[in-house]
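Q: following is a predicted model, sequence given first.
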Amino acid sequence: MILMIDGFKRAFALGAATVALTGGMALSSVGSASATAPAHGDHTASRHVDRGHCRVVHGRWVRVWHPAWQDRRGHRHPGYWTRTWHRTHLVCHRH
């Protein structure tokens, strides 16, 4: 009988701790949700884009120069070229 009471106390304490943690998480998520950025549906800047003057820039490889640098041990690493892929995108003129 005593073992059953101890088990009940343990289960009750565990349930109370779970409820307290869940309540704390809910309060902290409400506080962080109000400080987040606006939703992705906000396109106020795109109103000034003239869609008649848009063009497609096709994907291409662009050469990028990485300048020489020196690490913390004093070893000098020479500069080098790499090629970076710029994917196809739409370029529009704003007014």
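A: Everything's here; your move. Numbering: from 1, shown residues only.

Q: how close does residue 85 get to residue 60?
A: Distance of residue 85 to residue 60, computed by Cβ to Cβ, to the nearest Å: 8 Å. In short, each C-beta sits where N, CA and C put it, glycine included.

Q: more neighbours, those two?
A: Neighbour comparison, residue 85 and residue 60: the larger count goes to residue 60, with 11 against 8 (by other Cβ atoms under 10 Å).

Q: burial measure for the nearest residue to that one once chain neighbours are set aside, as a count.
A: Leaving aside its sequence neighbours, residue 60 sits nearest to residue 86 (Cβ to Cβ, 6 or more residues apart in numbering; 5.9 Å). When neighbours are counted by other Cβ under 10 Å, residue 86 registers 11.

Q: start the count at 51 instead of 1 going forward.
A: Yes, from this point I'll number from 51; that puts the last item at residue 136.

Q: tell me the pLDDT of the closest residue to residue 127 other than its chain neighbours.
A: The shortest distance from residue 127 to any non-neighbouring residue, by Cβ to Cβ, 6+ apart, is to residue 119 (5.4 Å). With respect to pLDDT, residue 119 scores 95.
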